[in-house]
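> Got a predicted structure plus its sequence, pasted below:
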Amino acid sequence: MAEKTTILNLTEEEFVHPGNRACSGCGLSIVYRTGLKALGKDTILVVPPSCLTVLQGLYPVASTKLPCVNVTFASTGAAATGVRGAMKALKKEGVNVVAWAGDGGTGDIGIQALSGACERQEDIIYICYDNEAYMNTGVQRSGTTPKGVLTTTTPIKGKLQAKKDVPSIIAAHGIGYVATASAAYPLDLYDKVKKATTIAGPRYIHVHTPCPPGWSFETRYTIKVGKLAVASGLFDLYEIENGKFQLTGASERLLKKERTPVAEYFASQGRFKSLSEEEIKSVQQQVDEKWAGYKALAE
Ligand SMILES: Cc1ncc(C[n+]2csc(CCOP(=O)(O)OP(=O)(O)O)c2C)c(N)n1
Ligand code: SF4
Ligand SMILES: [Mg+2]
C-alpha cells in the first residue's frame, strides 16, 4: 500500500453536515464520514433502505453534501450500473459511482444485483457496512449475523447458523479489488477507499461496523468493541488485489502477536450472552485453525 494516511494529513474537508440522525456511538457515522472524505466531491451515492438512509435524513434536512439516489433493496447493484451508464452517456469522466448498503441489503436482499454487476465488471465501488443484523427495523437476524447472537428474530438460543462470508463470495467473482475494514480503524478504511478510487471495474469494501443498541454495549465502547473483533482474530482486515490475498494493518501485525481470547469480545456485548462455555471454546478453536492457515500462507 502507498504512504499511509495519518490523523495529521487526513483531509479536513467534510461531506457530512454536523449533526445527523444516527444513534449516539453509531459505528456507521464514523465509517460514512471517513469513507466520504476518501471519495471526495466527485461522487454519486446509491443507497437502499437502511440505517444509512436515516443517517442521511430527508430533504431538506439531509446530512450529506453529495448527490444520492435512494433505491429499492434488490436493485442497488443494478441502479449503480445505471448511474454509471448515465455518466457515460453524458461523457462525464472521473465520477465515483458508489453503492453503499447495509449487510442485509448486500449479502441477502441485494446479492443478485451485486453479483450481476461484479460479473459484468461494472465500473462501480460497493461499500457494505456490516452491523451484523437488520438494525433499522429493530435488530432482525441477517445472513452476516454471527452464530449464537440474540436478535429479535432469534431471541432464545441466538442465531443457529454461521455468519455468511460475503467478501469471499464477492471475491469469487474475480473482481480487481476486494477489501475488509473496520469502523475502529478509520485511517485504514480511508486508505482502502482511496485506493479503490484509483482502480477501474467493480471494487468491493466490507466494513465491520459496531452498533451499540443492536449489539448491546454502552455507546462509549464502539471503537473498543471494533478493535476487540480484530484483536481476537474474529474479523480480519485484508485486501484481495487481482486475486492476491494479504492481511493488512492490525490483522497483519497479529501474525506476530498473541490474539485476545474470543471470550473477551463476546463478554463485551449483551448479544452474545446466551453462548455456553462449550460454544465459546468451539469458536476459539475455529479461529485458531483459521489463523494457523494465515500463518502458513505468510511463511
Ligand atoms: C423490500 C423491502 N423489504 C423490507 C424493507 C424494510 N427495511 C428497511 S431498512 C431494513 C433493514 C436493512 O438492514 P441492513 O441492510 O443490514 O441495514 P441496517 O438497517 O442494518 O443499517 C428493512 C428490512 C424495505 N424497505 N424494503
Ligand atoms: S441502530 Fe446501530 S447502525 Fe443504526 S443508527 Fe443506531 S447505532 Fe447506527
Ligand atoms: Mg445491518
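The structure has been received and is ready for your questions. Numbering: from 1, shown residues only. Ligands and ions are numbered 1, 2, ... in the order given.
> C-alpha only now, for contacts and for neighbours.
Will do.
> mind listing what's buried in stretch 38-49?
Going by neighbour count (16 or more other Cα atoms under 10 Å), the buried part of stretch 38-49 is 38-41, 43-49.
> what mean pLDDT would you report for it?
The average pLDDT within stretch 38-49 is 98.
> That stretch and ligand 3, are they touching?
No: on the criterion Cα under 5 Å from the ion, stretch 38-49 is out of touch with ligand 3, staying 10.2 Å away.
> Sketch out the helices for the stretch 1-150 of the chain, chain order is fine.
Here the stretch 1-150 of the chain has its helices, by DSSP state H, counting those that start in this stretch, at 27-39, 51-56, 76-89, 103, 111-119.
> closest to residue 251 out of these?
helix 27-39 (18.4 Å; Cα to Cα).
> just to revisit the earlier point, would you format the helices of the stretch 1-150 of the chain as a markdown table with distance to residue 223 included?
A markdown table is the format used below for the helices of the stretch 1-150 of the chain (distance: least, Cα to Cα, whole Å):
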| stretch | distance to residue 223 |
| --- | --- |
| helix 27-39 | 8 |
| helix 51-56 | 19 |
| helix 76-89 | 29 |
| helix 103 | 19 |
| helix 111-119 | 29 |
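> Need the winner for burial among the ones you listed.
Stretch with highest mean neighbour count among these: helix 103 (a mean of 30; mean count of other Cα atoms under 10 Å).
> by contact count, what packs against that one?
strand 125-130 (3 or more Cα pairs under 8 Å, 6 or more residues apart in numbering; DSSP states H and E).
> okay, the strand it packs on in PDB with CA atoms only?
C-alpha atoms of strand 125-130 as PDB (Å, rounded to 0.1, in the frame of the first residue of the first chain):
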ATOM      1  CA  ILE A 125     -17.500   0.900  -5.900                       C
ATOM      2  CA  TYR A 126     -19.700  -1.000  -3.500                       C
ATOM      3  CA  ILE A 127     -19.300  -0.400   0.300                       C
ATOM      4  CA  CYS A 128     -21.100  -2.700   2.700                       C
ATOM      5  CA  TYR A 129     -21.200  -1.600   6.300                       C
ATOM      6  CA  ASP A 130     -21.800  -4.800   8.300                       C
END
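> so what secondary structure elements neighbour it?
strand 96-102, helix 103, strand 203-208.
> quick one: which of the ones you listed is nearest ligand 2?
In terms of Cα to the nearest ligand atom, the element of these nearest to ligand 2 is strand 96-102, at 8.7 Å.
> Quickly check: that closest one near ligand 1 or not.
Yes: using Cα under 6 Å from any ligand atom, strand 96-102 comes into contact with ligand 1 via 101-102.
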